[in-house]
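Student: 3D, please:
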Amino acid sequence: MDASELKLKIFRQIETLEKSKLQQVYDLVLNLVKKEPTANQWDDLSKSQQQGLLDAIEEMNTSEGVEHQSVIKKYKRKYG
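Tutor: Got it, this is the predicted structure:
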């Protein structure tokens with residue numbers, strides 16, 4: 001699909017939206033267009049966020065982490 005076909009498809013999808021949905025689509029597109037893409041989103045994280053991710057990776061690499069399914073089962077029994 002070339003660019004003109006894609007634009008037409010998008011237009012057809014949005015032309016029937018009610019005003020509130022149209023505003024949401026506009027806001028999303030505007031945010032997408034304004035945002036400067038970063039080659040490395042790691043640099044956008046705070047130092048504590050970076051350290052938290054590094055700690056989590058280290059825990060998983062040394063088998064200290066808890067598997068997702070184990071956590072889900074535990075809380076389903078407790079709250080479900």
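Student: which residues are in contact with the helix or strand of the chain with the lowest mean pLDDT?
Tutor: Scoring the helices and strands of the chain by mean pLDDT, DSSP states H and E places helix 19-34 at the bottom, with a mean of 85. Where contact means C-beta atoms under 8 Å, 6 or more residues apart in numbering, the residues beyond helix 19-34 that reach it are I14, L17. Quick note: C-beta positions are derived from backbone N, CA and C, even for glycine.
Student: next SSE after it?
Tutor: Going down the chain from helix 19-34, the next helix or strand is helix 47-61, by DSSP states H and E.
Student: got the domain ranges for this protein?
Tutor: Under the assignment automatic domain parsing, the domains of the chain span 1-35, 51-80.
Student: the shortest one - what's its average pLDDT?
Tutor: This means domain 51-80. Domain 51-80 shows a mean pLDDT of 87.
Student: just how off-centre is it within its chain?
Tutor: How far domain 51-80 lies from its chain's middle: 20 Å, per C-alpha atoms, centre = their mean, to the nearest Å.
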